[in-house]
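> Everything below, folded, please.
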Amino acid sequence: MLDLYRKIIKTGAITLKTEKITKLFQPEDVQIIGKKLNAHIKKLFGRSLAIRQVSAGSCNACEIEINALANAYYDMERFGISIVASPRHADALLVTGPVTRALKDAVLRTYEATPDPKIVIACGSCACDGGIYKGSYATLDGVDKVIPVDVYIRGCPPTPRAILAGILHALESKNNQGTA
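Okay, here's the model as predicted:
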């Protein structure tokens, strides 16, 4: 634990750049992302996309950005995306945080309760590879150490636009797998 504190003090406050996926879109392109999302959602599901957000031990920065998707600017509901309370009603899992040892079983049970075909999205640097908690005795690092991941959205935390773009990328990948 002291090593983690030393690392935090030595590094200071940093904000990580989001992955290339966000460079594809400018801030005013939320409408473009949304229209593409809506088209893919209708094609794949014929209804709205139900997402179950799973916190695997995060600091809640990613959850704040996910909550911002429901505000008036992003309004993910207009694109056909909704957050659901039960994994049994979900089409996709949006996992945040490094998987802690205490939450490993909960993440596995949530994954198993989600009906097939399911999409798993790792949201944030911690979910992708452990982030600043990588190598800690309390974490198993990234989500892919516990369940298979389809798409990684990097950033600490990723912007709402990056999250939308990541969901779009996941749907495009799933659509391409279905047609291949």
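> how about the CA coordinates for the lengthiest helix in the chain, as CSV?
If you go by DSSP state H, the chain has its longest helix at helix 160-179. Presented in CSV, the C-alpha positions along helix 160-179 are these (Å, rounded to 0.1, in the frame of the first residue of the first chain):
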residue,chain,number,x,y,z
PRO,A,160,-18.8,10.8,-22.7
ARG,A,161,-18.0,11.2,-26.4
ALA,A,162,-15.3,8.6,-26.2
ILE,A,163,-17.7,6.2,-24.4
LEU,A,164,-20.3,6.7,-27.1
ALA,A,165,-17.6,6.1,-29.8
GLY,A,166,-16.5,3.0,-28.0
ILE,A,167,-20.1,1.6,-27.8
LEU,A,168,-20.3,2.4,-31.6
HIS,A,169,-17.1,0.5,-32.2
ALA,A,170,-18.4,-2.5,-30.2
LEU,A,171,-21.6,-2.6,-32.2
GLU,A,172,-19.7,-2.2,-35.5
SER,A,173,-17.5,-5.1,-34.5
LYS,A,174,-20.5,-7.2,-33.5
ASN,A,175,-22.2,-6.4,-36.8
ASN,A,176,-19.2,-7.3,-38.8
GLN,A,177,-18.9,-10.7,-36.9
GLY,A,178,-22.5,-11.4,-37.6
THR,A,179,-22.2,-10.8,-41.4
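> Packing partners of that helix?
helix 20-23, helix 30-45, strand 49-55, helix 61-68, strand 92-96, strand 119-123, strand 151-153 (3 or more C-beta pairs under 8 Å, 6 or more residues apart in numbering; DSSP states H and E). No exception for glycine: its C-beta is placed from N, CA and C like everyone else's.
> repeat that with 6 Å
In terms of contacts (3 or more C-beta pairs under 6 Å, 6 or more residues apart in numbering; DSSP states H and E), helix 160-179 is packed against helix 20-23, helix 30-45, strand 119-123, strand 151-153.
> Tell me the buried residues in the second one?
Within helix 30-45, the residues that count as buried by 16 or more other C-beta atoms under 10 Å are 30, 33, 34, 36, 37, 38, 40, 41, 44.
> neighbours of residue 56, just the number please.
Residue 56 is flanked by 25 other residues according to other C-beta atoms under 10 Å.
> swap in the one 4 residues further on?
Using other C-beta under 10 Å, residue 60 has 13 other residues around it.
> same question, residue 70
Using other C-beta under 10 Å, residue 70 is surrounded by 14 other residues.
> Relative to residue 103, how far out is the spatially closest residue to it that is not a sequence neighbour?
In space, and not counting its chain neighbours, residue 70 is closest to residue 76: 6.3 Å by C-beta to C-beta, 6 or more residues apart in numbering. The gap separating residue 76 from residue 103 is 25 Å, by C-beta to C-beta, to the nearest Å.
> Sounds good, over and out.
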